[in-house]
Each structure stands twice: as structure tokens, then as C-alpha cells.
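> When you get a sec, could you give me coordinates for this:
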Amino acid sequence: MGVSFGRASARRTAAVIGGALTIGLLAGCAGPAAPEAAKTLDADEEVTIRYTWWGGDARAELTQEVIDLFESEHPNITIVPEYADFASYWDKLSTTAASNDLPDVVQMTIPHIYSYAESGQLANLSDYSDFVKTDEFSDSALDVGRVDDGIYGVPAGGGSFGILADPELFKQAGVELPDASWTWDDYVEISKDISAAVPGVAGTQLSTNEQAFTVWLRQHGQDLWKDDGQKLGFDAETATSWFEQLLDLRDSGGAMSVAATVENMGLGIEASPLVVGKAAMQEVAVNQVGTAEAASGKDYVLLRFPGDEQFDAVGSYVGVGQFYSMAAKTEHPEAAATFIDFLANDVEAGKILQFDRGIPGNAEVLAAITPDLSPADQEVASFFQELGEADPAPLARMNADIGSGLTETITRIQQEVLFDRLTPEQAADQLISELNAAI
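Numbering: from 1, shown residues only. Predicted coordinates for the structure are as follows:
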């Protein structure tokens, strides 16, 4: 799988990926940095800080390598790692925040970073610019982690979402792999054909999150938000059509059952239906390709969402997927900030993590690791290159107050539709009503 990268090709690819990442982030607007605070790191003081993230065992192993490297260079600082699966992570983080026990360094994503920053749980990293350098990050990437005049998260990586496909199961079913021109109807038919042809295997999973919904909205000229996140960017008609699309897939027999879909929610990629051979396709964050291949021993094919060439607008998008943030009440801010700088800016750390947390936002790190990307990450690089050439519109800036309510609301209402407890029309009205109330 993938393509072979020479050094010159790698430099060109790094530039294209960086350009695609910047294009996907231009919807924000930068503000002035907060004043610097005069702080120093005592190299002789023995300190222990906690670092928490979400992910499976494969991510934990890579992260521990980086921690070991950091500790070898900073022998006075001990990093205590903590991690959980994505769903459990936010429950645990909410509990620790409520008890004023947030870990010193915290992995964040949107929209959670905004609510944690505005509630005073996260430190303004602009105050620690002597420790956390942001020179190699684009203004547009930094702006995604900005609240008012402060930077509350340094980009860990740019990300996107797509469909990961198992070519062996496609071949077994006698079904050709689609290209970027496939439609949503194609998606349903392909899923149905695979389910019918391969016993015990579903063509795909039903969507329960906001990613595919966002792609659908964008393909129809809308988005989740508008006016810098102050208003919803979609109408009831378009939301209704998405829920109808979900039901078409469910009723086709091409997807796993609704009950199985709900049961599988929260599973790490290593234990997902695609990786364990129960589904031929699955929605993924594109940085998960390498982990999926390592867990299964298979080569997969990364596809854009269907519909990008079916409608007038490209729905697939690029955005900052993860951030490194610091707890506002950490007792060791200088040490925590130094560790964040290492995670975000150290080339050797970047060579270990590669694309695990997304495309590095640091241009120097990206250029350094591109020539030696794994085959899986070469596939991801090709995906970003193709997506950049498709020229998607910038992703709309998310509402700063919605917090985890966005994912929770969309997930719950989509399940209500799939279980036939709401009609598509009722679901659209309820979704708009609940999100408007939340903001």
C-alpha cells in the first residue's frame, strides 16, 4: 500500500500537506498574544507532572517512547502517563476537573478546549512563550486553540476523517474499490453487496458521530456553524436529508445492526469491527491508519467520504484534531510548558510519533519526518495531498461554548433515528432546537 517517497518528493509532499492543513484552518482569526511572564525552569528541582491523553495501547507505547526521551534530556522531571479510550477520557477528565485535580499536561480537541479554557481550567500558553515556541506553526493553526487573546492549546496535529476499506474483503465479495467519484448511493450499494456476499461481515458501520454529518452539510453548501461559531450553519431540510441517508443505509442491510453499532462505540481502533474483520469499511480519523494496520496485519485503503464529486461542494475537510494544553492550576507550569514544547517541537519526538496524533503542525518537524514515513503514513500523506488539490472550503469555526454537548447531542439524536424513535424530520427539528439552546 502507499507510494514510495524520495527526498525531493518528500519535500514537495510536506509542502502540499502543510498547504492543505493551512487551507483547512483559515476560518479563524488571530488576536494579539498575551504579555509574557518572566519565568525560569530550575534544572535542579525534582518535579513530577502528569500527562493525560486518549487512545489505545499502540499510542501509549509511542507516547512512552517520547516520555523516555524527554526524561533522558530532563532528568529532574518525571512524567506520569495516564490514558483512556476516547469516551472514557472525557468522563474522567470532567471528574478530575471538578475536583481541581486536572493533570498538568492535557490532550485536548475541539470543542472541549473552548469550554475548559473559558471555565478557567486551562492555562494561557501565551504567558509561557519562553518555554513553548510557536514560530513554526501557522497563525491559522494556532488560532484554532485561541480563546480571546490567549493560546490554550498548541496543535498536536492536523487531522481529517475518511473511510478505511479492507481490499481483501472487497475482493472476496467481488466488489471493486471505489474512487473519489463515488456517491452516497454507491456507498449504500457497495455496503449491501459486501454484506450479502461475505458471511459474517458487514459492508460498513452506521455513522453515529458528527464527522460524516459535517461532510454531508458541507457538500450541500452548509456547515455546522457560521458567523464565527455564533450561529448554526445548517437548516432542517439538509439535516433531515442526512437522517434519511442514514436510514437508507440501515434498511439496505449493508451495515452492522444498530445494536451492534451502539455496542461498538468507544472501542479503540485496534478492537474496531474493521480491524477484527467484521466490517469491510469504517469511518476513521486518518491518523489511525497506521494503528489499524499494525493491529490487523493488513494493508487498508483510505478513501474520502462519498459525495465529494457528487455535489457542488467538497465536504471532506482538514482541521486541527488535537492539542497539547496545560492545567491552569499545575504546580509546575515551567516543567509542564517545557514538556509541551518538546511534544510539539522536538524533531526526534516527531520521528517517534509521526502521524499518530495527526499531521504535525510544526513545519520543521513535518519536513524532517516526511522522508521516513511508514507506508501507512505515506497513504495518509497521499490522502492529504489529494484533498488539498480538491480545494475544500475552510472548516467553519466551532462555537466556543458548546463543549462536549455537540458530539453528545448529535450522537444521541442519530441513535434515536436509527432506533425509529424519531423521524428524520423530528430529529432535525430537535437537533436544531437543542443546539440553539446549548449556545
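> CA only for contacts and neighbour counts going forward, please
OK.
> any idea how far residue 279 lies from residue 176?
16 Å (C-alpha to C-alpha, to the nearest Å).
> Between those two, tell me which one has more neighbours.
residue 279 (26 against 10; other C-alpha atoms under 10 Å).
> right, and that one touches residue 201 too?
Yes - using C-alpha atoms under 8 Å, residue 279 is in contact with residue 201, at 5.2 Å.
> This protein: strands as residue ranges?
47-54, 77-84, 105-108, 146-147, 150-151, 154-159, 161-165, 225-226, 231-232, 281-285, 301-303, 319-326 (DSSP state E).
> Just the C-alphas of stretch 48-61, formatted as CSV.
Extracted in CSV, the C-alpha atoms of stretch 48-61 (Å, rounded to 0.1, in the frame of the first residue of the first chain):
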residue,chain,number,x,y,z
THR,A,48,6.7,15.2,38.8
ILE,A,49,4.0,16.1,36.3
ARG,A,50,1.1,14.1,34.9
TYR,A,51,0.3,13.8,31.2
THR,A,52,-3.1,12.5,30.1
TRP,A,53,-4.4,11.6,26.6
TRP,A,54,-6.9,9.4,24.9
GLY,A,55,-6.0,6.4,22.7
GLY,A,56,-5.2,2.7,22.7
ASP,A,57,-2.2,0.7,23.6
ALA,A,58,-0.3,1.5,20.4
ARG,A,59,-0.5,5.2,21.1
ALA,A,60,0.6,4.6,24.6
GLU,A,61,3.7,2.7,23.5
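> comparing the strands of the chain, which gets the lowest mean pLDDT score?
Lowest mean pLDDT within the strands of the chain: strand 146-147, at a mean of 86.
> what's that one packed up against?
In this structure, strand 146-147 makes packing contacts with helix 112-118, judged by 3 or more C-alpha pairs under 8 Å, 6 or more residues apart in numbering; DSSP states H and E.
> Name the residue closest to the centre of the chain, please.
residue 321 (3.9 Å; C-alpha atoms, centre = their mean).
> can you count the residues close to residue 147?
Residues near residue 147, counting by other C-alpha under 10 Å: 19.
> check contacts around the nearest residue to it once chain neighbours are set aside.
Counting by C-alpha to C-alpha, 6 or more residues apart in numbering, residue 147 lies nearest to residue 114, which is 6.8 Å off, once chain neighbours are set aside. By C-alpha atoms under 8 Å, 6 or more residues apart in numbering, residue 114 lies in contact with 145, 147, 400-401, 403.
> burial count for residue 439?
Residues lying near residue 439 (other C-alpha under 10 Å) number 15.
> swap that for residue 56, please
The tally of other residues near residue 56 (other C-alpha under 10 Å) stands at 18.
> Please verify my assumption that it contacts residue 82.
No - contact criterion C-alpha under 8 Å: residue 56 and residue 82 do not qualify, at 11.3 Å.
> Where does the prediction get shaky in the stretch 1-150 of the chain?
When residues are selected by pLDDT under 70, those of the stretch 1-150 of the chain lie in 1-39.
> Now with 80, please.
When residues are selected by pLDDT under 80, those of the stretch 1-150 of the chain lie in 1-40, 87, 138-141.
> what's in contact with stretch 183-202?
169-170, 172-175, 203-204, 248-249, 252-256, 277-280, 306-310.
> Now, of those residues, which are buried?
Neighbour counting with 16 or more other C-alpha atoms under 10 Å marks 169-170, 173, 203-204, 249, 253-256, 277-280, 306-309 as buried within the contacts of stretch 183-202.
> And the helices in the stretch 101-250 of the chain?
Listed in chain order, the helices of the stretch 101-250 of the chain (DSSP state H, counting those that start in this stretch) span 112-118, 139-144, 167-173, 184-197, 210-219, 236-252.
> Give me the buried stretch members for the first one, please.
Spelled out, it's helix 112-118. 112-117.
> For the residue nearest to the centre of the chain, which residues are in contact?
Neighbouring residues of residue 321 by C-alpha under 8 Å, 6+ apart: 109-110, 155-160, 357-358.
> Quick check: the residue nearest to residue 229 when sequence neighbours are not counted vs residue 121, distance?
Spatial nearest neighbour of residue 229, excluding adjacent residues (C-alpha to C-alpha, 6+ apart): residue 399 at 4.0 Å. Using C-alpha to C-alpha, one obtains 18 Å as the distance from residue 399 to residue 121.
> In JSON lines: the contacts of residue 321, plus neighbour count.
Putting those into JSON lines (neighbours: other C-alpha atoms under 10 Å) gives the following:
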{"residue": "109", "neighbour count": "21"}
{"residue": "110", "neighbour count": "22"}
{"residue": "155", "neighbour count": "31"}
{"residue": "156", "neighbour count": "27"}
{"residue": "157", "neighbour count": "24"}
{"residue": "158", "neighbour count": "27"}
{"residue": "159", "neighbour count": "23"}
{"residue": "160", "neighbour count": "24"}
{"residue": "357", "neighbour count": "22"}
{"residue": "358", "neighbour count": "24"}
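> from those residues, which is closest to residue 372?
The nearest member of the contacts of residue 321 to residue 372, counting by C-alpha to C-alpha, is residue 358 at 15.7 Å.
> got a list of what the residue nearest to that closest one when sequence neighbours are not counted touches?
Leaving out its chain neighbours, the residue that sits closest to residue 358 by C-alpha to C-alpha, 6+ apart is residue 157, at 4.1 Å. If you count contacts by C-alpha under 8 Å, 6+ apart, residue 157 has them with 320-323, 355, 357-361.
> And residue 406, by the same measure?
111, 210, 435.
> OK, contacts around the last one?
The contact partners of residue 435, taken as C-alpha under 8 Å, 6+ apart, are 232, 402, 406, 409.
> How confident was the prediction at it?
94.
> next one: the second one
Per-residue confidence (pLDDT) for residue 210: 90.
> Might one say that it is in contact with residue 411?
Yes - Residue 210 is within contact range of residue 411, at 7.2 Å (criterion: C-alpha under 8 Å).
> Report how many residues lie close to residue 243.
Neighbour count for residue 243, taken as other C-alpha under 10 Å: 21.
> what's the closest non-adjacent residue to it?
Using C-alpha to C-alpha, 6+ apart and skipping residues adjacent in sequence, the residue nearest residue 243 is residue 424, 5.2 Å away.
> Could you report the distance from the one you found to residue 430?
Between residue 424 and residue 430 the computed distance is 10 Å (C-alpha to C-alpha).
> These two: which has the busier surroundings?
residue 424 (26 against 16).
> Contacts only, for that one.
Under the criterion of C-alpha under 8 Å, 6+ apart, the neighbours of residue 424 are 239-241, 243-244, 417.
> repeat that for 10 Å
Contacts for residue 424 (C-alpha atoms under 10 Å, 6 or more residues apart in numbering) come out as 236-237, 239-247, 413-414, 416-418, 430.
> before we move on, what about residue 156?
107-109, 320-325, 340, 343-345, 355-362.
> 6 Å instead?
322-324 (C-alpha atoms under 6 Å, 6 or more residues apart in numbering).
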